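# Generate a structure from the sequence data that follows.
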Amino acid sequence: MSYQDIVGLIFTEIVGDFGYKEFANYGGIKNFAVGTIGYIGVVFFLIRSLQGSQLLLVNAVWDGLSALLESIAAMVILGERFDDPWKYLGIVLIVIGLFFLRMPVVSPHKFVFPKFY
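From the prediction side, this is the model:
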């Protein structure tokens, strides 16, 4: 697992979430397809991240960085805001927690897609 894998995981998750949000509110095959393609990317990057890593670490980093980056994307792209200022403090605490995980920038493990058989 590395920041490269987690960032890929998060950005494909953002694409999937935004597509499914649009589908949930407005319908349409295009919105559904965007959401589905995003989540296919999530599966790929999750497999990459888990290979040679601990589930505990991958999940903690993914949750933390996803909360941060997806919140920023929702504010910048969708114009969403929290109604309670304490929720912003929660995001700050997540970011502080990420510093304690000490994740590598590049994975020392070479990725090989697992066989199905």
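
# For stretch 10-30, buried residues please.
Within stretch 10-30, the residues that count as buried by 16 or more other CB atoms under 10 Å are 10-20, 22-23. (C-beta placed from N, C-alpha, C; glycine too.)

# could these go into JSON lines alongside pLDDT and distance to Phe32?
Converted to JSON lines, the buried residues of stretch 10-30 look like this (pLDDT from 0 to 100; distance: CB to CB, whole Å):
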{"residue": "Ile10", "pLDDT": "91", "distance to Phe32": "21"}
{"residue": "Phe11", "pLDDT": "92", "distance to Phe32": "19"}
{"residue": "Thr12", "pLDDT": "96", "distance to Phe32": "16"}
{"residue": "Glu13", "pLDDT": "93", "distance to Phe32": "16"}
{"residue": "Ile14", "pLDDT": "92", "distance to Phe32": "16"}
{"residue": "Val15", "pLDDT": "95", "distance to Phe32": "13"}
{"residue": "Gly16", "pLDDT": "96", "distance to Phe32": "11"}
{"residue": "Asp17", "pLDDT": "93", "distance to Phe32": "13"}
{"residue": "Phe18", "pLDDT": "93", "distance to Phe32": "12"}
{"residue": "Gly19", "pLDDT": "95", "distance to Phe32": "7"}
{"residue": "Tyr20", "pLDDT": "94", "distance to Phe32": "8"}
{"residue": "Glu22", "pLDDT": "93", "distance to Phe32": "9"}
{"residue": "Phe23", "pLDDT": "94", "distance to Phe32": "5"}
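
# So which of those residues belong to helices?
10-20, 22-23 (DSSP state H).

# from those, which is closest to Asp84?
Asp17 (21.3 Å; CB to CB).

# The closest one against Glu70, yeah?
Yes. Between Asp17 and Glu70 there is a contact under CB atoms under 8 Å: 6.7 Å.
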